[in-house]
Each structure stands twice: as structure tokens, then as C-alpha cells.
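1. Please find the sequence and the predicted model below.
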Amino acid sequence: MTYRNTKILKAAKGAPCQSCGIIDGTIVAAHSNQLRDGRGYAHKSSDYRIAYLCHRCHDFVDGRNGKLDKEGKIEMWEDAHRKTIGYLFEHGIVK
């Protein structure tokens, strides 16, 4: 079963990018693209497997720019995911 939580998705608005640190109005909750997290054709992973990323960093991890290999994309997303989970707790969004 896929977990959904609109509260943590909406909290991305106004948050800094958890990869580059920018606050530019393009921050979204980027879901994991990894199959092990439940990603599939036309199916997003659970909402607890998100990273707050700006448009530019989201493009990097989704591979739309061709600059990162598969391992680089995973590493970048996982690092941002860990920071996002910390942000959610530190700002009282989740308890």
C-alpha cells in the first residue's frame, strides 16, 4: 500500500532545496524514482520517500539533463531525502 500525506507534500512550498539550499519558489516534494521504493510505471513511491528539491536539482535526479549517472542521481536524491526528513522534524511538520 502506498502512503500519502498532503501535509508533507505542501510543506515543500517555502522550504529550501535540500540539495543546493536555494529558496526560489520552485521547491517540490520529489518522489524517489527507485523501484525498491515502490516506483513503477505511472505510480509514485510513498510520500515519506520524498526530497524537497528545486526545479534544477529535480531535473538532475530525474536525469533530464544527462549530467549524472544512475549512481550519482541516487546519491544526490538520498542525501536530499535525509536532509528533508530532518527538516520535517526540526520544523514540527511531523512528530
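-> Nice, I can see it. Numbering: from 1, shown residues only.
2. thinking residue 55 is in contact with residue 25, fair?
-> No. Contact criterion CB atoms under 8 Å: residue 55 and residue 25 do not qualify, at 9.2 Å. For the C-beta atoms, the positions are set from N, CA and C on the backbone; glycine is no exception.
3. Residue 30 falls within a strand, correct?
-> Yes. Residue state for residue 30 (DSSP: H, G, I helix; E, B strand; the rest coil) corresponds to a strand.
4. where along the chain do the helices fall?
-> For the chain, applying DSSP state H gives helices covering 6-10, 55-62, 70-90.
5. Quick one: the ones you listed as TSV, columns for mean neighbour count too.
-> Converted to TSV, the helices of the chain look like this (neighbours: other CB atoms under 10 Å):
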stretch	mean neighbour count
helix 6-10	13
helix 55-62	18
helix 70-90	16
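6. Give the bridge partners for the residue nearest the centre of the chain, please.
-> Centroid check for the chain by CA atoms, centre = their mean gives residue 51 as the closest residue, at 2.0 Å. Note on residue 51: beta-bridge partners by DSSP bridges are residue 30.
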